[in-house]
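Chemist: coords please:
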Amino acid sequence: MPFTQTGIPDLLIYEPRVFPDSRGYFFESYNYNTFLAEGVDIKFVQDNQARSTFGVLRGLHFQQEPYAQTKLIRALEGKILDVVVDIRKGSPTYGKVFSIELSAENKLQLLVPKGFAHGYSVLSETAEVMYKCDNFYHKPSEGGIIYNDPALNIDWGFDLSLAQVSEKDVVLPTLENCVHNFVYNAQ
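Modeler: Okay, here's the model as predicted:
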């Protein structure tokens, strides 16, 4: 079974089957039929890729409905701490933080459903991150939560005085003051 439950509804860790040999390795980073066999029916429409250096902190971001995105995140190079916050009103895990180390070495991927704020910090000298999205980028629908919200108390994996954060991300609101339209839908 390639998926591991995280304890937060709909948030899954995907571990692809890797075939190593003397030449290196091969794996399917994504296969629609593999996901479908596990009950995950998502059609991705956009791939994004970012390269960053140690201490870069991106997030926490989301897009409002109807432009919300499910994302499948992985590190192509280096190591990141991937962090999500459940912001679906009525969710039994509303406001809960989940983090996981994704790296080129461990090849783990995080499937982040709509209704989560997402971000990551770079823990290696450099990291290249790639993620698939099931909806297109829509700037007017952007939203976010400040990375250092005291109520969330997120451990980003390094001293935050070293963090490199965009001007846009340092002015995001706290979860308490965040405006979003996500509602938990128990399946």
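Chemist: Let's check: the centremost residue of the chain is which one?
Modeler: For the chain, the residue nearest the mean C-alpha position is residue 118 (4.7 Å; Cα atoms, centre = their mean).
Chemist: Show me what the strand or helix carrying it is packed up against.
Modeler: Using DSSP states H and E, residue 118 sits within strand 116-122. Helices and strands touching strand 116-122, as assessed by 3 or more Cβ pairs under 8 Å, 6 or more residues apart in numbering; DSSP states H and E, comprise strand 57-63, strand 71-77, strand 79-86. Bear in mind the C-beta positions are built from the backbone N, C-alpha and C, glycine included.
Chemist: Could you pull out the strands in this structure for me?
Modeler: Remark: strands assigned in the chain by DSSP state E are 3-5, 12-14, 18-21, 24-27, 46-53, 57-63, 71-77, 79-86, 97-103, 109-112, 116-122, 126-133, 142-144.
Chemist: List the residue ranges of this protein that fall below the pLDDT cut-off.
Modeler: Applying pLDDT under 70 to the chain flags residues 1, 187.
Chemist: if I pick the residue of it most remote from its centre, what's in contact with it?
Modeler: Distance from the centre of the chain peaks at residue 22, with 32.4 Å (Cα atoms, centre = their mean). Residues near residue 22 by Cβ atoms under 8 Å, 6 or more residues apart in numbering: none.
Chemist: I'd like the helices and strands packed on strand 116-122 laid out as CSV, including mean neighbour count and distance to residue 47.
Modeler: Formatted as CSV, those follow (neighbours: other Cβ atoms under 10 Å; distance: least, Cβ to Cβ, whole Å):
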stretch, mean neighbour count, distance to residue 47
strand 57-63, 24, 16
strand 71-77, 21, 9
strand 79-86, 24, 17
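Chemist: I'd like to know which of these is closest to residue 107.
Modeler: strand 71-77 (7.3 Å; Cβ to Cβ).
Chemist: roughly how far apart are residue 144 and residue 66?
Modeler: The gap separating residue 144 from residue 66 is 18 Å, by Cβ to Cβ, to the nearest Å.
Chemist: among the helices and strands packed on strand 116-122, which is nearest residue 164?
Modeler: With Cβ to Cβ as the measure, strand 57-63 is the member of those nearest residue 164 (6.7 Å).
Chemist: Need the residues that contact that closest one.
Modeler: For strand 57-63, the external contacting residues (Cβ under 8 Å, 6+ apart) are 50, 52, 68-69, 83-85, 87, 115-122, 135, 137-138, 141-147, 156, 160, 163-166, 169, 172, 180, 182.
Chemist: All good on my end, thank you.
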